[in-house]
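Colleague: From the sequence below, what's the structure:
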Amino acid sequence: MKISIVTPTWNRAERLRSSLESVACQRTPPWEHIVVDNLSTDGTAELVAEYASAAPYPVRHLREGDGGIYQAMNKGIALATGEALHFLNDDDMLFGPDVLTSMSRCLTLPEADIVFGDVVLLDEGHKHIQNYRRHRQVNRLTLVERTITQQAIFYRRDVFDRCGTFDPR
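Modeller: Here you go, the predicted structure:
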């Protein structure tokens, strides 16, 4: 399954570096990585250019003003050409080298429109686990008690064609 990764960012170059490195370390590379940058002024453009020059997959850097993360995510949806999408925020990382391999395999199941994994929350230095959010099966009870965090979800591309994009409000 061809997975497009969309990373919205704004003036977070220091944290963005870890996010980009976590994608670069995947055993199965993404189909493409789209960085949607809300006109950062902190060295983000240079960091993304450096990342793009070394990546063995297309890296697209859309640099224009937007009204927030959901507008940025919608811009990424519009640009994405993969069969599946994942939104990796600028301060998030793919935890381990096989995330894209596992999620791609799950997305090939005919009944899977979305797949999700667990979320590991690390301390500021990215050295120690502070919390481990396990996303078990989805049912009414788990959706009432807690939602699946956005950074855990991978979507088939056509979910957005059928359901629409994010409400930027």
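
Colleague: okay, CA-based contacts and neighbour counts for the rest of this
Modeller: Fine.

Colleague: residue contacts, residue 20?
Modeller: Residues in contact with residue 20 (C-alpha atoms under 8 Å, 6 or more residues apart in numbering) are 51, 93.

Colleague: how about it, phi and psi?
Modeller: Dihedral pair for residue 20: phi -60, psi -40, per degrees, to the nearest 10.

Colleague: so where's the chain uncertain?
Modeller: 119-148 (pLDDT under 70).

Colleague: need the strands for it, in chain order.
Modeller: Ranges of strands within the chain are 3-9, 32-37, 59-63, 84-87, 114-116, 119-122, 129-133, 153-156, based on DSSP state E.

Colleague: Would you mind saying which of these lies nearest residue 76?
Modeller: Closest to residue 76 of the strands of the chain, according to C-alpha to C-alpha: strand 3-9, at 5.6 Å.

Colleague: Just checking: what are the partner strands of the closest one?
Modeller: strand 32-37 (parallel), strand 84-87 (parallel) (DSSP bridges).

Colleague: buried residues in it?
Modeller: 3, 4, 5, 6, 7, 8, 9 (16 or more other C-alpha atoms under 10 Å).

Colleague: Over to stretch 84-96?
Modeller: With burial defined by 16+ other C-alpha under 10 Å, the residues of stretch 84-96 counted as buried are 84, 85, 86, 87, 88, 89, 90, 91, 92, 93, 94, 95.

Colleague: Fine by me, thanks again.
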